[in-house]
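>>> just need the structure, nothing else, for what follows:
(chains A, B, C and D)
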There are 4 protein chains.
Amino acid sequence: MTLSAPVGLAYNVELSYDVRTSGADFIFNVQAASTAQQRIVLESLGVTQVVPLQDHVDPVTGSRLLRLRANAGPLTLRYAATVDIRHYRALPERIAESQVSDLPGDVLPYLYPSRYCESDKLNSFAMEQFGRMWQGYARVQAICDWVNQHVSFVSGASSGTTSALETLVQRRGVCRDFAHLMIALCRALNIPARFTTGFDYGADPVLGPPDFHAYVEAYVGGRWFMFDPSGTAIPMGFVRLSTGRDAADSAFASMFGDVWATGQMLEIHAVPASDGVLRVPERTSDALSTDAG
Amino acid sequence: MTLSAPVGLAYNVELSYDVRTSGADFIFNVQAASTAQQRIVLESLGVTQVVPLQDHVDPVTGSRLLRLRANAGPLTLRYAATVDIRHYRALPERIAESQVSDLPGDVLPYLYPSRYCESDKLNSFAMEQFGRMWQGYARVQAICDWVNQHVSFVSGASSGTTSALETLVQRRGVCRDFAHLMIALCRALNIPARFTTGFDYGADPVLGPPDFHAYVEAYVGGRWFMFDPSGTAIPMGFVRLSTGRDAADSAFASMFGDVWATGQMLEIHAVPASDGVLRVPERTSDALSTDAG
Amino acid sequence: MTLSAPVGLAYNVELSYDVRTSGADFIFNVQAASTAQQRIVLESLGVTQVVPLQDHVDPVTGSRLLRLRANAGPLTLRYAATVDIRHYRALPERIAESQVSDLPGDVLPYLYPSRYCESDKLNSFAMEQFGRMWQGYARVQAICDWVNQHVSFVSGASSGTTSALETLVQRRGVCRDFAHLMIALCRALNIPARFTTGFDYGADPVLGPPDFHAYVEAYVGGRWFMFDPSGTAIPMGFVRLSTGRDAADSAFASMFGDVWATGQMLEIHAVPASDGVLRVPERTSDALSTDAG
Amino acid sequence: MTLSAPVGLAYNVELSYDVRTSGADFIFNVQAASTAQQRIVLESLGVTQVVPLQDHVDPVTGSRLLRLRANAGPLTLRYAATVDIRHYRALPERIAESQVSDLPGDVLPYLYPSRYCESDKLNSFAMEQFGRMWQGYARVQAICDWVNQHVSFVSGASSGTTSALETLVQRRGVCRDFAHLMIALCRALNIPARFTTGFDYGADPVLGPPDFHAYVEAYVGGRWFMFDPSGTAIPMGFVRLSTGRDAADSAFASMFGDVWATGQMLEIHAVPASDGVLRVPERTSDALSTDAG
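Okay, the predicted model is just below:
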């Protein structure tokens, strides 16, 4: 395992709302996570109402939640960050799955079923399909490939309450659904897996402009490795926002009250990294990790 | 809010298994949680195989996970503990719900739907049924009462994959199902709620001997308060084991491998508390909390 | 029970499609049913492609299915009918439920669960809610009222695969969903109930222009009586198209192939009945039936 | 297509109940269907209470429903029949699927989803898996084989409310579940399919004694052909009882009231056929049909 040369990425996000009641609570999750491999070089945050802002950083994952209680009227949040990412790279064939008894305690929650990843109903299917493979990174990659090949990317075919079982049956969805199904299959085989959200540099030109993206991290070989079952992005170009059990944990914005979203702007580009070199994210067959776990 | 006089409770648990493969991983969650209100006076633990034991204590909830990898053959775990519990007691009418913006960061996960508590589908129902009530402890108690009155306790009517939606429709279940439905309804109203497991002193004589019990904690008035929607137990007589989002987090034993349960023995009784007085747990109309949250 | 004076209704429907493959099959169900109480005075049918048309009349319900295989290109179907309806009217308080042993054989299928009416999961709920009432028309009306009061009419809140269980949980839907939930509750109490589609004269002005409508018929007192759980229409103004177990049986148009709907026009108005008198459909507290069963 | 030599089969069934309320309705479906290919040579029926018996024969399928209202106390039904079956046999490779426009009207209901066969959610999956095959008997056989290979026969893994979607996900079930999944996949491809129940001569010795069996009929080449996706029986040895959309239609006994089943005895054996020859049912690669449809 080696640490790659750094990649520099800079992004802006602007989210606008209309608050229609006397007050509404917001929880935002758009700030770049601060991890050992993802260093925040610069960041700025502004909101168009003068209200107290509260930060909460998850002690384990480094995910950052920003809360505020907005007054009636328009609200816009603007956030910009420049991050410096150094990926752990490893050769897939050397990475074995971990036994449950060897997992760190804070990895255990990712063995269990969650709202959108009903792994407790997928044991037979997962064993039949993937049970006889060598228990390592390659098996997780096989799950990722299977999901990619058997589910079609169709915008609007799923909703915010669609779960892995429905995606397995209906075979259509967006990146969130691909991620949920892959996670559920991993957990059904006792492989810890979690849902990660990020900004995605260099989204597939066919699928449109930069966007929030959802992908998967699976815990193998003592580390969380990234997988992109929807196949629509370049993992080296992800800026990590949050991790959680599934999308229930990881909305980029949760609103409590009568609130209408009125606009959304996202922008991301590569910038010179901390060593002064501009590196464009590219695809690789190496295993990649940005979180020591 | 006052701190009650202490209650002393002692319990033993003995769980036996037959491991049929060359090895199997176990995660046990039968040790008493150590919290500010539940002090462990004495405890002992033994397993009948000489294997390494690993402990993990959740930094937030104090739940304790014991892991081991067993060899083929019989395995018995024996655990005994004496605990001293001081309940926070409060008058229900003074306890208001918290706004989302005022919640501590580590309470936020309990706002979201989870595997067996699909609160994301219950907003309309919960608003219709409970939306016009005063937003405080009494509303949570109304949810607890509603679940108690509309669901029947029927052993065998549900399974390990039964969720709150199914219980809402089918109206039958066991303590786990009552808890899941109450939790889902609370979260649908933006009231943080979590699943708690415990040993239950003085279970209803009709429903049989002491057993593992599942109940609910809801976060109101800046603290986690206990609710027992199945109505089968005396909250003051619960020894807390673990808390989680729902039963997916909180099995008292999880097995990974070909393992058969061969026996289970539970025993609990009141003992003199730390002040030398024997107090028998009894029902109260006060709000009770054992976790400062 | 008496036979009311006749009501005359005339409607036109025009449905347009674009067939994108070399051929596509259509099954239409827009023709007025011919029953003892609904007499067809005049009708005309035209399609804009010269293709064979096949009619199938259900021997039991009188529902009429029109099939055709269209060629690539545009297709428009135009149908107009004038019908003369004589309603059976009865006093609700005299109508008792039938015992299963007294039901005609062809009513039995409507006792069982169907795709969108999962009555097999609603027994406990239905018994709790409606089990202690007098077993007659009034109980069925109570179910109708309960559905009407506990579900909100929200366009777009449901889809073509939404079922009664989902509506019971989510409490929102359109006329189809109200009908499915009422049917499921009736069957859970062993009351035969079926899904009926019709054109609806005098739809609620708030909810828009005349439209296809879905309502319920329940078999009590030896006859199928009409109920409108969505409460959006005047039962006396329904022109019956088809009946079935649920919407799976009763689409007004089913397409097999790559077909896009490109237009829909509906029109209905009251006309002089067979006795020369123009009667405008109005609400009544009487029990109404248009099908002797 | 040829008509095979006749097979003679004789069976007895005895079903016992304890009626605990003042009365209970029963609907039995254990009498042999009378069809052009299955002739009833001899039959006898007895019940141990003196109550009126009502027969209903479905005009389309020939299924026979026996109804009675029993008094409190024990009830036993005994039925015996000898049937003479002549199978239509055909070479699979000659049998093509029918276009929707060519289907007889009474076959149309079997195109639609039903309670336990949610074909409306399986279009993508079915098209992906079977969409590129030649549209004929071989495709239906491929669906049958796929179900047989991907689902495991596990008694107790499913319940009376288990549906095709759950079986597709969980991959375990009994003959009823195999049949539901195969039917749902056929309908998702616009192939009419229905649920058939029968007595099964020569059940697999591993799976135990003769029993009620559930299998599938699919409409191809202008006729209903038999398929046994659970693979546990010899199709030539089925005595047809009933056909329906799925198990909701086709219970061998439905009870309305407080009734306990207290006993069940089944017996079947081969007897000389109408031509005096004893023929033991055996497996064949021919397509078999016992219902002209």
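>>> what segments of the stretch 151-293 of chain A are strands?
A:152-153, A:172-173, A:193-200, A:212-220, A:223-227, A:238-244, A:253-256, A:259-271, A:287-289 (DSSP state E, counting those that start in this stretch).
>>> nearest to residue C:39, out of those?
Nearest to residue C:39, of all the strands of the stretch 151-293 of chain A, is strand A:172-173, at 46.7 Å by Cβ to Cβ. The way it works is simple: take the backbone N, C-alpha and C, and place the C-beta from them, glycine included.
>>> the closest one and chain D in contact?
Yes: using Cβ under 8 Å from any Cβ of the partner chain, strand A:172-173 reaches chain D at residue A:172.
>>> burial of the residue in chain A that chain C sits nearest to, as a residue count?
Going by Cβ to the nearest Cβ, chain C is nearest to residue A:159 of chain A, at 9.0 Å. The tally of other residues near residue A:159 (other Cβ atoms under 10 Å in any protein chain shown) stands at 10.
>>> now do it against residue C:161, distance only.
Going from residue A:159 to residue C:161 by Cβ to Cβ, to the nearest Å gives 12 Å.
>>> with residue A:81 instead?
Taking Cβ to Cβ, one finds residue A:81 at 41 Å from residue C:161.
>>> average pLDDT across stretch A:90-101?
For stretch A:90-101, mean pLDDT rounds to 91.
>>> what comes into contact with it?
Around stretch A:90-101, the neighbours that count as contacts under Cβ atoms under 8 Å, 6 or more residues apart in numbering or on different chains are A:1-2, A:111, A:135-141, A:190-191, A:219-223, A:225, A:285-287, A:289, B:25, B:27, B:52, B:54, B:67-69, B:256.
>>> give me the ChimeraX select line for the residues you listed, limited to the buried ones.
Those of the contacts of stretch A:90-101 that count as buried under 16 or more other Cβ atoms under 10 Å in any protein chain shown are selected in ChimeraX with:
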select /A:111,135,136,137,138,139,140,141,190,191,219,220,221,222,223,225,286,287,289 /B:25,27,54,67,68,69,256
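>>> which of the contacts of stretch A:90-101 fall in helices?
Among those, the ones falling in helices (DSSP state H) are A:137-141.
>>> flag the shaky bits of chain A, pLDDT-wise.
For chain A, applying pLDDT under 70 flags the ranges A:1, A:203-209, A:292-293.
>>> one more time with 80, if that's ok
A:1, A:60-61, A:202-211, A:291-293 (pLDDT under 80).
>>> domain-wise, how is it divided?
A:2-85+A:251-271, A:89-250+A:284-289 (automatic domain parsing).
>>> can I get the ones you listed in a markdown table with distance to residue D:215?
Formatted as a markdown table, the domains of chain A follow (distance: least, Cβ to Cβ, whole Å):
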| stretch | distance to residue D:215 |
| --- | --- |
| domain A:2-85+A:251-271 | 47 |
| domain A:89-250+A:284-289 | 23 |
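>>> any idea which of those is most buried?
Most buried of those, by mean neighbour count (mean count of other Cβ atoms under 10 Å in any protein chain shown): domain A:89-250+A:284-289, with a mean of 21.
>>> and that domain, end to end?
End-to-end distance of domain A:89-250+A:284-289 (Cα to Cα, to the nearest Å): 7 Å.
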